[in-house]
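A.B. asks: Any chance you could fold what I've pasted below:
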Amino acid sequence: MTTQRIRAYLYICTTTLLWGVSFFWTNKLLINHVPVFFLILTRMSLAALILLIVGRITGKIQRIKNKKDALWFLALALMEPFFYFIGETYGVKLTASPTISSMIIATIPVFGLVAGLSFYKEKVTAGNIAGILMTVPGMLIVVSGRGGLETGNVTDLPGTNMPLGAMFLFMAVFSAVGHTVILKRMTRSYNAFTVTFYQHALGALYFILPVLLIDAQRINVKHFITKADFWYPILMLSVFCSSIAFMMFTAAIKELGVTRTKTFSAVIPIVTASVGFALGSETINWIQALGILVVVFGLVLSQLRSRRS
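C.D. replies: Coordinates of the predicted model:
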């Protein structure tokens, strides 16, 4: 394995860890009644500002070369963060079922495999495919271990719409995969810093309208900006989970490709559960532990390369 490939795996492992931990910081903000779209807008804006300042100092931000690339950057930010967060937020809300949400989101590595083969003819073995497919039942075992498979009659709950919720969740899935496909394309002409900057700057612009239409009446800006319990988690999300994590993810995509990189998304919930367990806020039973082992084994299997490659 080359040094460049080892570095790429370090990047994607660190990114997975940061995104797994991000749920704790996000949860702190949501508990304090920070509106979702305002949270995302603030996170994207701060990340873009940080990247702009650092980019100006270091000279790492490249100019967009032509109108075609500008459209690709617009599409990149439209896929993620915009469509992804819209789909995930409303999908979870409308289904009112963590199980169904987890089942649908768990299909991202599978669709990532299809995208990698379709758009970039990425080389994968039968073992790689088997490993990717293993992550889906592995995640379902983890969910069932938490009692999550007991969905109940969620369709009777006020405000639920299962078909519409599922559509939103699949929008999140396809947006996540589409984002990765476009990201791979952009790394051919632009460095990771540049791609990450434009993604967050344009992503912030996209979220202005949802904030004005949905969150505006519920935002007490003075209340939020004067509290440390707002700034600490939002800065952690902006600096580590957005600026740094997305730069490393972009670098990993360039080296490892869509299929192998996207498989790591199956590990993010496991990181969250493991950190929660270490902090004493989560419990992990033997069924969940079995599911974690299945996912990890599937992940390792998905990364193995044939001797010819």
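
A.B. asks: Mind listing residues that contact stretch 11-30?
C.D. replies: Residues lying outside stretch 11-30 but in contact with it, judged by Cβ atoms under 8 Å, 6 or more residues apart in numbering, are 36, 39, 229-230, 233-234, 236-237, 240-241, 244-246, 248-249, 251-252, 256, 261, 264-265, 267-272, 274-276, 279. Where C-beta positions appear, they are placed from N, C-alpha and C, glycine not excepted.

A.B. asks: if we go to 7 Å?
C.D. replies: Counting by Cβ atoms under 7 Å, 6 or more residues apart in numbering, stretch 11-30 makes contact with 39, 229-230, 233-234, 236-237, 240-241, 245, 248-249, 251-252, 256, 261, 264, 267-268, 271-272, 275, all of which sit outside it.

A.B. asks: what distance separates the lowest-mean-pLDDT helix or strand in the chain from the centre of its chain?
C.D. replies: Ranking every helix and strand in the chain by mean pLDDT, DSSP states H and E puts helix 221-225 at the bottom, with a mean of 73. Using Cα atoms, centre = their mean, to the nearest Å, we find the averaged C-alpha position of helix 221-225 to lie 27 Å away from the chain's own average C-alpha position.

A.B. asks: Can you spell out which helices and strands pack onto that helix?
C.D. replies: Contacts of helix 221-225 with other secondary structure elements, assessed using 3 or more Cβ pairs under 7 Å, 6 or more residues apart in numbering; DSSP states H and E, are absent: no helix or strand is involved.

A.B. asks: Can you point out the buried residues in it?
C.D. replies: Buried residues in helix 221-225, counted by 16 or more other Cβ atoms under 10 Å: residue 224.

A.B. asks: Skip ahead from that helix and say which helix or strand is next.
C.D. replies: Per DSSP states H and E, helix 221-225 leads on to helix 228-236 as the next helix or strand towards the C-terminus.

A.B. asks: which secondary structure elements does the very next helix or strand once past that following helix contact?
C.D. replies: Proceeding C-terminally, helix 228-236 gives way to helix 245-263 as the next helix or strand, assigned by DSSP H and E. Counting contacts by 3+ Cβ pairs under 7 Å, 6+ apart, helix 245-263 packs against helix 3-31, helix 108-120, helix 162-186, helix 192-206, helix 286-303.

A.B. asks: Apply 8 Å and report the result again.
C.D. replies: Contact analysis of helix 245-263 by 3 or more Cβ pairs under 8 Å, 6 or more residues apart in numbering; DSSP states H and E lists helix 3-31, helix 108-120, helix 126-145, helix 162-186, helix 192-206, helix 286-303 as its packing neighbours.

A.B. asks: which one of these lies closest to residue 219?
C.D. replies: When the helices and strands packed on helix 245-263 are ranked by proximity to residue 219, the top entry is helix 3-31, at 12.7 Å, counting by Cβ to Cβ.

A.B. asks: And that closest one, what's buried?
C.D. replies: For helix 3-31, burial by neighbour count (16+ other Cβ under 10 Å) applies to 8-9, 11-12, 14-23, 25-26, 28-29.

A.B. asks: Same question for stretch 291-305.
C.D. replies: 291-292, 294-296, 298-299, 301-303.

A.B. asks: Over to stretch 162-176?
C.D. replies: 165-166, 168-176.

A.B. asks: List the contacts of residue 265.
C.D. replies: The neighbours of residue 265, taking Cβ under 8 Å, 6+ apart as the test, are 16, 108-109, 112, 176.

A.B. asks: Give the helix, strand or coil label for residue 65.
C.D. replies: Put simply, residue 65 is coil when judged by DSSP: H, G, I helix; E, B strand; the rest coil.

A.B. asks: from what I can see residue 131 touches residue 266, true?
C.D. replies: No - with the criterion set as Cβ atoms under 8 Å, residue 131 and residue 266 do not qualify as a contacting pair; they are 10.0 Å apart.

A.B. asks: For the two, indicate the residue with more neighbours.
C.D. replies: Comparing residue 131 with residue 266 by other Cβ atoms under 10 Å, the one with more neighbours is residue 266, at 29 against 24.

A.B. asks: Surely the more buried one is in contact with residue 138?
C.D. replies: Yes - in terms of Cβ under 8 Å, residue 266 counts as a neighbour of residue 138; the distance is 7.1 Å.
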